[in-house]
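Enquirer: What follows is a predicted protein model with its sequence.
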Amino acid sequence: MLCGAESYRHVDCREPDNALVNQYETGDGEWILLAMVQEDKLWPGLCRALERPDLLADLRFGTRAERRARAKELYAIVAPIFASRDYAHWRKALDEQGVTFTHVTRLDSLVHDPQLEAAGILREGRDSRGRAVRSIANPIAIDGSPPVETRPAPAIGQHTDEVLAGLGYDEAARAALRSRGAIR
């Protein structure tokens with residue numbers, strides 16, 4: 001953006017400019033993002049994965065330009081196919097055909113994501129009440145230094161007395177602030 005690029009606009013997956021770089025919901029409510037930037041090379045594999053080899057002979061979708069011109073029409077064909085089976089089926093079928101795609105992860109599934117765990121991004125820690133919680137590890141690593149333990153954010157007002165005492169407020173002054181509701 002700083003160099004003058006145009007910003008991306010939101011694209012409704014049901015109204016794509018390119019049906020082969022688009023999201024599709026699977027039968028179990030998961031989402032797949034096709035990322036077929038090598039469209040001509042990957043198109044036959046997608047047709048095989050979808051069990052629709054007839055699409056290869058369909059002149060409406062014979063070239064990249066024709067698939068793009070008819071992206072909404074192609075989406076209307078492909079979307080119900082993806083919705084007919086679960087993500088596990090599509091992952092296997094697309095992988096077998098070498099089709100470029102990814103699983104669109106929802107935020108609620110990130111807390112147990114195996115890749116985040118393997119990369120050490122998720123850490124076990126304790127909240128301010130001492131309960132076990134998962135959190136994001138400190139992104140800064142210094143070679144030869146152990147990682148900093150993840151700590152909870154302070155509770156509201158947890159350090160108020162300490163900070164105000166450091167600024168010269170004695171106990172009586174802090175009590176007066178508390179009685180007026182200025183601090184907790």
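Expert: Done, it's in. Computed from a predicted model, the values in this text were never measured in an experiment.

Enquirer: And residue 132, its phi and psi?
Expert: phi -70, psi 130 (degrees, to the nearest 10).

Enquirer: Just give me the neighbour total for it.
Expert: Using other C-beta atoms under 10 Å, residue 132 has 8 neighbouring residues. (Glycine included, C-beta is placed from N, CA and C.)

Enquirer: repeat for residue 47
Expert: Neighbours around residue 47, by other C-beta under 10 Å: 20.

Enquirer: does it really touch residue 58, like I thought?
Expert: No: Residue 47 lies out of contact with residue 58 (C-beta atoms under 8 Å); the separation is 9.2 Å.

Enquirer: now residue 67, nearest residue through space, not along the chain?
Expert: residue 61 (4.9 Å; C-beta to C-beta, 6 or more residues apart in numbering).

Enquirer: Distance-wise, check the one you found relative to residue 39.
Expert: Going from residue 61 to residue 39 by C-beta to C-beta, to the nearest Å gives 11 Å.

Enquirer: intersection of neighbour lists for those two?
Expert: Among the neighbours of residue 61, those also in contact with residue 39 (C-beta atoms under 8 Å, 6 or more residues apart in numbering) are residue 67.

Enquirer: the more surrounded of the two?
Expert: Counted by other C-beta under 10 Å, residue 61 and residue 39 do not tie: residue 61 has more neighbours, with 22 against 18.

Enquirer: Can you tell me how far the more buried one is from residue 88?
Expert: According to C-beta to C-beta, residue 61 stands 27 Å off from residue 88.

Enquirer: ok, now residue 44?
Expert: Counting by C-beta to C-beta, the separation of residue 44 from residue 88 is 23 Å.

Enquirer: Of these two, which one has the most company?
Expert: More crowded of residue 44 and residue 88, by other C-beta under 10 Å: residue 44, with 14 against 11.

Enquirer: unless I'm mixing things up, the more buried one is touching residue 52, no?
Expert: No: between residue 44 and residue 52 there is no contact under C-beta under 8 Å: 10.9 Å.

Enquirer: Assign a three-state SS to residue 24, would you?
Expert: strand (DSSP: H, G, I helix; E, B strand; the rest coil).

Enquirer: Which secondary structure element is home to the residue nearest to it when sequence neighbours are not counted?
Expert: The spatial neighbour of residue 24 that comes closest, neighbours along the chain excluded (C-beta to C-beta, 6+ apart), is residue 82 at 3.9 Å. Assigned by DSSP states H and E, residue 82 belongs to helix 71-83.

Enquirer: could you say what helices and strands that helix packs with?
Expert: On a contact count with 3 or more C-beta pairs under 8 Å, 6 or more residues apart in numbering; DSSP states H and E, helix 71-83 meets strand 23-25.

Enquirer: Paired strands for the strand it packs on, with orientation please.
Expert: Paired strands of strand 23-25, with direction, are strand 31-34 (antiparallel) (DSSP bridges).
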